[in-house]
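>>> Turn this into a model:
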Amino acid sequence: MLIQRAEVAGRRCDVRIAGGIISAIAPHLPPEAGETSLDAQGGALIPGLHDHHIHLDATAAALCSLRCGPPEVTSRDALALALAAAPGAGWLRGVGFHDSIGRVDRAWLDAHGPDRPVRIQHRGGRMWLLNSRAIAEIGAGVPTDGRLIDGDALVAARLGRIPPDLAALGGRLAALGITGVTEVTPRNEAEDFARYAGAGMAQRLLVMGRPGLDAQPPLGRARRGAVKLHYHDHDLPDLDTLAAEVARAHDVGRPVAAHCVTRAELFVTLAAIETAGVHPGDRIEHASIAPDEAVDWIARLGVTVVTQPHFLGQRAAAYRAEVDAADRPLLYRLQAWRDAGVRLAAGSDAPFGGMDPWAAMAAAVDRPAGFGAGEALTPEAALALFLGDPDDPGGPARQVAMGAVADLCLLDRGWEAARADLGAVGVRATLAAG
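Okay, here's the model as predicted:
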């Protein structure tokens, strides 16, 4: 393929791709016989974006689920209307609920929802809201108020799992310029790895999961990633136990990726990593609230942070209601990590956050008032959050260069126009390995 009249690093040029690799870059390249050509019309040609934190199965399921929370649904009245308008007669699956719209439980769903089994996932991912029809289908084990916490295994065991359409999700991601993803679901085992690899997604896949992936070799465009640690304040192991878990991962050559959204989760995890010793690739997921002492500690350890800047834009109203004013500037920090020399990357956390990386970049540049204006990034730094190598998120940004794999994203405008309004950027074409 020959891409003509593209903007690469600020200059107009043609780019040739052969065998999935960028084989030539020059001001003008004559088309070869039988070669497909694409006129970039001056649009910026950049490396394909990498989403460094996504849940593939849940995101695929969310694409065919009803949105039940902000920003689409902001009140219980609006939720009742959305539920009533949902098509179909069988199970109704909702996602994105948050208590900021008002408390919803079994009694409310029975009174205001449709006469069909309903299950709605809370935005945080750990709770299902169920009506009486749904509870009858699932059976024993659901609290009487229908608010089932950490019940995914129970629901799956009683109802079975519907195979997610990962190929369709791959198409949606490609339309956003995404050519690679890091799948971070903690329970992934070897069978999940094989399923992702064989799902027909165009993206390169880095798959985190359990120690069952320790010996997993690459399969197609899929490779094994870190051991995912996923604890919460209420179930945090003691320091020695957690340090031993970190050490076991390191002993087989795997880094850890630790879910940390509270101070307790972050500080205990950092202490465990320090006790076990840091391994290349160790990373903190979210670092949702990070006081200065945590920033300094992470910088000293050399651990990477993978964050979600778009959460502030999507959840600012809830954070203003729930988070102390003194702590709001500490939420989803950005420039502080860069100033401290910490490797910083971003992921969507879809479906718990929106999967559009351009919206995330825009949120990184324009933070809501009261959430630390000094944490805002330049457009170039925001783009770089999605350009690191999958094995080195936050490391040197990949480049459009001779010999590089042709995972590419062609924008609908030049970079100067794109950087002025990242949220408005459109993607004209996405190439995966050419």
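
>>> Just the helices from the stretch 301-434 of the chain, written as ranges.
310-322, 335-339, 357-365, 379-384, 415-420 (DSSP state H, counting those that start in this stretch).

>>> if you compare those, which one is most tucked away?
Mean neighbour count (mean count of other CB atoms under 10 Å) peaks for helix 357-365 among the helices of the stretch 301-434 of the chain, with a mean of 25. Where you see a C-beta, it was placed from the backbone N, CA and C, and this is true even at glycine.

>>> how distant is that helix from the center of its chain?
Mean C-alpha position of helix 357-365 versus that of the full chain (CA atoms, centre = their mean, to the nearest Å) differs by 13 Å.

>>> swap in stretch 338-345?
19 Å.

>>> that older thread, so which of the helices of the stretch 301-434 of the chain comes closest to residue 203?
When the helices of the stretch 301-434 of the chain are compared by CB to CB, helix 357-365 sits nearest residue 203, at 12.6 Å.

>>> what angle separates the closest one from helix 310-322?
60 degrees (axes from the mean of the first three to the mean of the last three CA atoms, to 10 degrees).

>>> a markdown table for the helices of the stretch 301-434 of the chain, including mean pLDDT and distance to residue 371?
Listed next are the helices of the stretch 301-434 of the chain as a markdown table, based on pLDDT from 0 to 100; distance: least, CB to CB, whole Å:
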| stretch | mean pLDDT | distance to residue 371 |
| --- | --- | --- |
| helix 310-322 | 91 | 5 |
| helix 335-339 | 98 | 12 |
| helix 357-365 | 98 | 10 |
| helix 379-384 | 98 | 15 |
| helix 415-420 | 98 | 22 |
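
>>> Quick one: closest of these to residue 213.
helix 357-365 (25.9 Å).

>>> Kindly export the closest one (C-alpha atoms) in PDB.
Extracted in PDB, the C-alpha atoms of helix 357-365 (Å, rounded to 0.1, in the frame of the first residue of the first chain):
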ATOM      1  CA  PRO A 357      -9.200   7.700  23.400                       C
ATOM      2  CA  TRP A 358      -9.700  11.100  21.800                       C
ATOM      3  CA  ALA A 359     -12.200  12.000  24.500                       C
ATOM      4  CA  ALA A 360      -9.600  10.900  27.100                       C
ATOM      5  CA  MET A 361      -6.900  13.000  25.500                       C
ATOM      6  CA  ALA A 362      -9.200  16.000  25.500                       C
ATOM      7  CA  ALA A 363     -10.000  15.500  29.200                       C
ATOM      8  CA  ALA A 364      -6.200  15.300  29.900                       C
ATOM      9  CA  VAL A 365      -5.800  18.700  28.300                       C
END
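
>>> ok so, going back, and the helices of the stretch 301-434 of the chain as TSV, adding distance to residue 26?
Converted to TSV, the helices of the stretch 301-434 of the chain look like this (distance: least, CB to CB, whole Å):
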stretch	distance to residue 26
helix 310-322	37
helix 335-339	34
helix 357-365	29
helix 379-384	25
helix 415-420	20
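
>>> burial count for residue 154?
16 (other CB atoms under 10 Å).

>>> Work out for me the element the closest residue to it other than its chain neighbours sits within.
Distances taken as CB to CB, 6 or more residues apart in numbering put residue 141 closest to residue 154, at 5.2 Å, once the chain neighbours are dropped. Using DSSP states H and E, residue 141 falls within no helix or strand.

>>> same thing with the one 3 residues further on?
Here residue 144 sits in a region with no helix or strand, counting by DSSP H and E.

>>> Distance of the closest residue to residue 271 other than its chain neighbours relative to residue 272?
Distances taken as CB to CB, 6+ apart put residue 239 closest to residue 271, at 5.6 Å, once the chain neighbours are dropped. Look at residue 239 and residue 272: by CB to CB, to the nearest Å, they are 6 Å apart.

>>> These two: who's more crowded?
Remark: of residue 239 and residue 272, residue 272 carries more neighbours, 24 against 14, as counted by other CB under 10 Å.

>>> That one and residue 242 touch, don't they?
Yes - using CB atoms under 8 Å, residue 272 is in contact with residue 242, at 3.9 Å.

>>> that older thread, out of the helices of the stretch 301-434 of the chain, which is closest to residue 36?
helix 415-420 (24.8 Å).

>>> so what does the closest one touch, helix or strand wise?
The helices and strands touching helix 415-420, judged by 3 or more CB pairs under 8 Å, 6 or more residues apart in numbering; DSSP states H and E, are helix 379-384.

>>> Pull the distance from the helix it packs on to the chain's centre.
On CA atoms, centre = their mean, the centre of helix 379-384 falls 17 Å from that of its chain.

>>> And it, what does it pack against?
Going by 3+ CB pairs under 8 Å, 6+ apart, helix 379-384 lies up against helix 357-365, helix 415-420.

>>> which residues make contact with the last one from outside it?
Contacts of helix 415-420 from elsewhere in the structure, counted by CB atoms under 8 Å, 6 or more residues apart in numbering, are 7, 10, 44, 379-380, 411, 425.

>>> Tell me how the protein divides into domains.
For the chain, the domain assignment from automatic domain parsing gives the residue ranges 1-48+399-434, 49-56+165-397, 65-159.

>>> Can you say which of those is packed in most?
Mean neighbour counts for these (mean count of other CB under 10 Å) peak at domain 49-56+165-397, with a mean of 19.

>>> can you pull out the strands in the stretch 251-400 of the chain?
Assigned by DSSP state E, counting those that start in this stretch, the strands in the stretch 251-400 of the chain fall at 256-260, 283-286, 304-307, 344-346, 388-389, 392-397.

>>> quick one: the last one to strand 256-260, angle?
Going back to what we said before, that points to strand 392-397. Using the same axes, to 10 degrees: strand 392-397 against strand 256-260 is 110 degrees.

>>> Fine by me, we can end here.
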